[in-house]
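Asker: Predicted model, plus sequence, below.
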Amino acid sequence: MSDIVIKNLTKKFDQTVAVKDLSISIEKGQLVSLLGPSGCGKTTLLRMIAGFEKQTVGDIYIRGRLINDVPPQRRNIGIVFQDYAVFPTMTVKDNIAYGLKIKKMKKDEIEKKVAEYIKIVGLTGYEKRLPSQLSGGQQQRVALARALIINPDVLLLDEPLSNLDAALRLKIRKEIRKIQQQLGITAVFVTHDQEEAMSISDKIFVMRKGELMQSGTPQEIYLNPQNDFVASFIGRSNVVYGEVKSVKDSKVFLYVNGIEFKASKNGEAVKPGDKVWVSIRPQRIHLGKSDNMANTGKGRIKYVEYIGSEIRGEIELNENLTLDYNSYMLDENSITVKFNETIPYSISPSDINFGKDIRGLE
Ligand SMILES: Nc1ncnc2c1ncn2[C@@H]1O[C@H](COP(=O)(O)OP(=O)(O)OP(=O)(O)O)[C@@H](O)[C@H]1O
């Protein structure tokens, strides 16, 4: 069942189209991310779901109820913002209890619920502290408990980890995901960080310039990007442009900067002469001799970095095509490479994504 349904939503600010004819639905109990670069409209979309911004055109339903004209406080939504937005003069306990007091819940029931949510977000022992006596991560937990305690239909999270340092970001995102799954609450998470979105989402909506570029599970989007923008934005990839040379049986032959690549046919039908984007993940470039005889050649190593169990760098296939590679050193027999060395490479046809939908990179 869909908890949130958005139909043909458009938001214009004078000349700027922040969100353009967007239709999505979000299943109950899922955590979905709105992901895209700065200015893609993700915050505007979240603010329209919350009711802080009124759409120019389109409909928003929560649990089947059309909420276009329902004010924010009556949408039964919990929100966590980037800048915590906790009340600075209230203790942790009072901050978390706030929504229940507004609802005029009985005192002993409030006590019980607050204790429960303080435990859920891991703030036991901090009840009497003021926000100024808490770390950023702890303040964000207060904000999370305050949003969840009112038992909202939907939890909205607007870049909730942006103000935390890198280590804390990983920790809190894991906690948010665990709590969301434990409570089974539907959550919409706004982020510009693709790794963050990939790691915690059931589904990702990739946006760009107000438009939906692709939606799907993290795996679907990573393995089958539908355009060059998604291929380059999700995970690391070499995105280059070329032309379809021929199509034979289950293979498509692509011509990219003077090199021919054999690729497996994917969903989209192409014909000779079609201009296409081509995406090759760095870790799919096999360095050294291989039994896999497809897309083989010799390349020159133009850059090398050894990082623990990985080698990363650039390999020049010809003077017009240099790709990033990424090899894993799993044991002492693994490949080692040196700067300027010439080395055989191969790429499996099934590891080459391509398509006609060219949107341009960021
Ligand atoms: N109140 C406003 N008035 C005018 N233009 C606005 C307003 N709010 C947003 N915009 C414009 O709408 C577009 C989308 O903005 P939005 O904040 O939704 O993007 P975003 O993807 O959340 O970006 P960021 O990651 O930087 O927050 C941008 O071009 C922005 O300048």
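Answerer: Looks like it came in fine. Numbers count the residues shown, from 1 in each chain.

Asker: ok, the residue lying closest to residue 179 once chain neighbours are set aside to the ligand distance?
Answerer: Of all residues not flanking residue 179 in the chain, residue 120 sits nearest, at 6.0 Å (C-beta to C-beta, 6 or more residues apart in numbering). Placement of C-beta: from N, CA and C, glycine included. Separation of residue 120 from the ligand (C-beta to the nearest ligand atom, to the nearest Å) stands at 28 Å.

Asker: Can you name the residues that contact residue 120?
Answerer: Residues near residue 120 by C-beta atoms under 8 Å, 6 or more residues apart in numbering: 145, 148, 179, 182-183.

Asker: Between which two of those residues is the distance greatest?
Answerer: 145 and 182 (13.2 Å; C-beta to C-beta).

Asker: Those two: who's more crowded?
Answerer: Taking other C-beta atoms under 10 Å, residue 145 and residue 182 do not tie; residue 145 has more neighbours (29 against 9).

Asker: Which helix or which strand is home to that one?
Answerer: Here residue 145, judged by DSSP states H and E, is contained in helix 136-148.

Asker: Look at residue 312 and tell me its secondary structure.
Answerer: Three-state call for residue 312 (DSSP: H, G, I helix; E, B strand; the rest coil): strand.

Asker: Is it correct that it is in contact with residue 329?
Answerer: No: with contact defined as C-beta atoms under 8 Å, residue 312 does not reach residue 329; the gap is 11.0 Å.

Asker: Summarise which helices and strands the longest helix along the chain is packed against.
Answerer: For the chain, the longest helix by residue count, based on DSSP state H, is helix 166-183. Applying 3 or more C-beta pairs under 8 Å, 6 or more residues apart in numbering; DSSP states H and E, one finds that helix 166-183 makes contact with strand 31-35, helix 107-120, helix 136-148, strand 186-191, helix 194-200.

Asker: any idea how far the helix holding residue 145 is from the chain center?
Answerer: Chain-centre distance of helix 136-148: 22 Å, with C-alpha atoms, centre = their mean, to the nearest Å.

Asker: what about that helix, average pLDDT?
Answerer: For helix 136-148, mean pLDDT is 92.

Asker: Pull the residues that contact it.
Answerer: Residues outside helix 136-148 that contact it (C-beta under 8 Å, 6+ apart): 78-81, 84-86, 92, 95-96, 98-99, 117-118, 120-123, 126, 131, 134, 155, 160-161, 163-165, 168, 171-172, 175-176, 179, 183, 185.

Asker: could you give the angle of it to strand 186-191?
Answerer: Angle, helix 136-148 to strand 186-191, by axes from the mean of the first three to the mean of the last three C-alpha atoms, to 10 degrees: 140 degrees.

Asker: Now do helix 136-148 and helix 166-183, the angle between them.
Answerer: Using the same axes, to 10 degrees: helix 136-148 against helix 166-183 is 20 degrees.

Asker: how far off helix 107-120 does helix 136-148 point, in degrees?
Answerer: Using the same axes, to 10 degrees: helix 136-148 against helix 107-120 is 140 degrees.

Asker: related to what we said a few turns ago, now list the buried members of the contacts of helix 136-148.
Answerer: In the contacts of helix 136-148, burial by neighbour count holds for 78-81, 84-86, 92, 95-96, 98-99, 117-118, 120-121, 123, 126, 131, 134, 155, 160-161, 163-164, 168, 172, 175-176, 179, 185, counting by 16 or more other C-beta atoms under 10 Å.

Asker: Determine if any part of stretch 152-164 is in contact with the ligand.
Answerer: No: using C-beta under 6 Å from any ligand atom, stretch 152-164 stays clear of the ligand, coming no nearer than 7.0 Å.

Asker: export that stretch as CSV, just CAs?
Answerer: Taking Å, rounded to 0.1, in the frame of the first residue of the first chain, the C-alpha atoms of stretch 152-164 are listed here in CSV:
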residue,chain,number,x,y,z
PRO,A,152,3.3,10.4,12.8
ASP,A,153,2.0,8.8,9.6
VAL,A,154,5.2,9.9,7.8
LEU,A,155,8.7,11.0,9.0
LEU,A,156,10.4,13.6,6.8
LEU,A,157,14.2,14.1,7.2
ASP,A,158,15.8,17.1,5.5
GLU,A,159,19.5,16.5,5.2
PRO,A,160,19.6,15.5,8.9
LEU,A,161,23.2,14.4,8.9
SER,A,162,24.8,17.4,7.1
ASN,A,163,25.9,19.2,10.3
LEU,A,164,27.6,16.2,11.8
